[in-house]
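>>> Just need the structure, nothing else, for what follows:
(one chain, ligands or ions: 2)
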Amino acid sequence: MTQLQTTLRQLRLSGLARTLEVRLQEAAASRLGHGEFLELILQDELNVRQQRQLDRRTKAAEFRALKTLDDFDWQFNPAIHRKEIFELAAGNYLREGKDVLFIGPPGIGKTHLAQALGYEAIKQGKDVLYRSIFDLVRDFLKDEAFKQQDKTLRRYLKPDLVIIDDMGLKALPKQSGEYLFEVVMRRYENRSTIMTSNRPLEDWGKLLNDVPTAGAILDRFLHHAITIAITGRSYRIKDSLPAAPEAKKIKKSNEPSTAGGAS
Ligand code: ADP
Ligand code: MG
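Residues are numbered from 1 along each chain as shown. Ligands and ions are numbered 1, 2, ... in the order given. Model (predicted):
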């Protein structure tokens, strides 16, 4: 190992070290000035660092699968407006601490879009955590069982964006409402949360086995929420069904909670 390589290693400039050989040849061939050369190799280092950070954040988000807006077929369901989703992707809702709710039947892309928005947030330098509601409840139950003094709660409060997926897929264990309430209440007006549900909000009381808590959750969550209600047919079975009739889309914002009549 040359002295230069050792020095670069000591300075932890692995991105620069990786391209240095090529850059030196390039500099000689194109007679780059010292300033230009320095700019080039420092940019290499910066690129590698940014990529590493993106990878680290993506891993930490624990997405179910890496889904992006590029992978999304905007033609398939006219009820999903590309422009509206891209507006969200621009990230103003994150800066304003607003929440997002995707609601609609299974297979229409709620999980896909929620994760894709998560990935966009990561690209903007945000920390993201993706969990299904079942994972969330399990995390809190474990935390309680092992007396880990709110370790889990901190984990759910820290990220700039938390995605809570799959409300309504199955009934939830007792206490689920309390855990979800804790997360939603503490993130409220502070940090954004995206939730997805394939059941109407009126059913959340039943799902959580706790009508008042469901009402309290929705009251906070919906206060500044951007609701994307999607209808249409499942993408999963798109090839096995004839085309569905015209899909409809409603956008609600700042609507009061209607869950179980509680608040
Ligand atoms: P939901 O969460 O609404 O049940 P998903 O997001 O899990 O639905 O979508 C089901 C599958 O179909 C996923 O693999 C998803 O990537 C894919 N999918 C759904 N809608 C689209 C679409 N419009 N374009 C591309 N893939 C889609
Ligand atoms: Mg889903």
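>>> hey, let's count contacts and neighbours off CA atoms from now on
Fine.
>>> what about T196, which SS state?
Recorded secondary structure, T196: strand (DSSP: H, G, I helix; E, B strand; the rest coil).
>>> Quick check: closest non-adjacent residue to E62.
Excluding its sequence neighbours, the residue lying closest to E62 (Cα to Cα, 6 or more residues apart in numbering) is Y130, at 5.8 Å.
>>> didn't the one you found look like it was pressed against P159?
No - Y130 is not in contact with P159 according to Cα atoms under 8 Å; the separation is 9.9 Å.
>>> Name the nearest residue to the residue of the chain found nearest ligand 1, sequence neighbours excluded.
Nearest to ligand 1 in the chain, going by Cα to the nearest ligand atom, is G109, at a distance of 3.1 Å. With sequence-adjacent residues excluded and distances taken as Cα to Cα, 6+ apart, G109 is closest to Y235, at 7.3 Å.
>>> pLDDT wise, what is the one you found at?
Y235 carries a pLDDT value of 93.
>>> How many residues are close by it?
If you count neighbours by other Cα atoms under 10 Å, Y235 ends up with 15.
>>> Confirm that it lies within a strand, as I assumed.
No - applying three-state DSSP, one finds Y235 to be coil, outside a strand.
>>> ok, now which ones touch it?
Listed by Cα atoms under 8 Å, 6 or more residues apart in numbering, the contact partners of Y235 are 76, 107-109.
>>> Now for the residues you listed: which two are most distant?
Maximum pairwise distance among these (Cα to Cα): 11.9 Å, between F76 and G107.
>>> all helices of the stretch 51-200 of the chain, in order?
82-89, 92-95, 110-123, 133-145, 151-157, 176-187 (DSSP state H, counting those that start in this stretch).
>>> Give me the buried positions along the fifth one.
Going back to what we said before, that points to helix 151-157. 152-153, 156-157 (16 or more other Cα atoms under 10 Å).
>>> Could you do the first one as well?
Buried residues in helix 82-89, counted by 16+ other Cα under 10 Å: 85, 88-89.
>>> Specify which member of those residues is nearest to E62.
After measuring the buried residues of helix 82-89 against E62 - Cα to Cα - the closest member comes out as A89, at 18.9 Å.
>>> Would you agree A116 is in contact with R64?
No - under the criterion of Cα under 8 Å, A116 makes no contact with R64, lying 11.1 Å away.
>>> Comparing these two, which shows the higher neighbour count?
Ranked by neighbour count (other Cα under 10 Å), A116 and R64 place A116 first, with 23 against 12.
>>> Now do the contacts for that one.
A116 neighbours (Cα under 8 Å, 6+ apart): 66-69.
>>> Once you drop chain neighbours, what's closest to it?
T68 (4.3 Å).
>>> measure that neighbour to L169 for me?
Going from T68 to L169 by Cα to Cα, to the nearest Å gives 23 Å.
>>> What of L13?
Distance, L13 to L169, using Cα to Cα: 47 Å.
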